[in-house]
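K.L.:
predicted model follows, preceded by the sequence.
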Amino acid sequence: MEDFNIPTIVKIDNEAPSFDLPYYDPKTDTDGKLALSDLQWKWSVLFFYPADFTFVCPTELKDMADAKPHFDKMWVEILAVSTDTIFSHRAWVKSEKLMEDFPYKMLADHGLETSDIYNILDDESGIAGRGTFIIDPDGVVRTIEVASGPLGRNSDELIRKLQALQFMRENPTAACPAKWAPWAKTLTPSIKLTGKVYEALQD
């Protein structure tokens, strides 16, 4: 029987589906190609957004740009991704004031394959949803967040999740409860903790 190379659909706590996409870099006003393998040994975030020249998208990307010092401190690479071309990316950056000095590479999934395997492609419109995927240094997807089209995301919550994931990577027995922030109490799951989470959080 003939073997078919079927792309893997993204799944939480599984290896991230591979991609190899062109990008526009607003910092250097240049273009190039970037593959998942280029992100090896890094924390990275694929920040899918619906389209250039839209309305909520520049507010989200401005928020992500303003948070760059926090991402840099955590050694996290942010990649903006849409189904537009690199030429559209460049034109948008040059015309939209909110996109001035945008510091991240902008990937162009014009062939739609990456949005499809990351399971956020709208087949009718041919655009991606608002999807945020955190990929750890081993290439494993650690969070998947998809927001409704008109709903903008918040970089503060993304930073909190990254802080928690990095803490748990360094402390494999720890679990971070709701609203966990650095230096807050964590949990160590065990049979003895069953029914005693309140008490554990008070210690």
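P.N.:
Arrived safely, thanks for sending.
K.L.:
for G129, which non-adjacent residue is closest in space?
P.N.:
I120 (4.0 Å; C-beta to C-beta, 6 or more residues apart in numbering). Using the backbone N, CA and C atoms, a C-beta is placed for each residue, glycine as well.
K.L.:
touching, the one you found and A128? I think so.
P.N.:
Yes: shown here, I120 and A128 form a contact pair, counting by C-beta atoms under 8 Å, at 5.2 Å.
K.L.:
which stretches in this structure count as helices?
P.N.:
In the chain, the segments counted as helices under DSSP state H are 56-66, 68-73, 86-95, 113-117, 155-170, 197-202.
K.L.:
mean confidence for the second one?
P.N.:
Going back to what we said before, that points to helix 68-73. Averaged across helix 68-73, the pLDDT comes to 98.
K.L.:
ok, D84 to F53 distance?
P.N.:
Between D84 and F53 the computed distance is 8 Å (C-beta to C-beta, to the nearest Å).
K.L.:
residues shared between the contacts of those two?
P.N.:
Listed as contacting both D84 and F53 by C-beta atoms under 8 Å, 6 or more residues apart in numbering are W92.
K.L.:
low-scoring pLDDT stretches of this protein, where are they?
P.N.:
Counting by pLDDT under 70, the ranges of the chain that qualify are 1-7.
K.L.:
per-domain residue ranges of it.
P.N.:
Following automatic domain parsing, one gets these domains for the chain: 20-170, 173-203.
K.L.:
looking at the ones you listed, which is buried most?
P.N.:
Of all the domains of the chain, domain 20-170 carries the top mean neighbour count, a mean of 17, counting by mean count of other C-beta atoms under 10 Å.
K.L.:
that one: end-to-end distance?
P.N.:
Across domain 20-170, the terminal residues are separated by 30 Å (C-alpha to C-alpha, to the nearest Å).
K.L.:
ok, now stretch 47-66?
P.N.:
Using C-alpha to C-alpha, the two ends of stretch 47-66 sit 15 Å apart.
K.L.:
what residues does it touch?
P.N.:
Outside stretch 47-66, the residues that touch it by C-beta under 8 Å, 6+ apart are 78-84, 88-89, 91-92, 96, 98-99, 101-104, 115, 118, 120, 127-133, 149-155.
K.L.:
how close does the residue lying closest to V76 once chain neighbours are set aside sit to E77?
P.N.:
Nearest residue to V76, sequence neighbours excluded (C-beta to C-beta, 6+ apart): W43, at 4.5 Å. Counting by C-beta to C-beta, the gap between W43 and E77 amounts to 7 Å.
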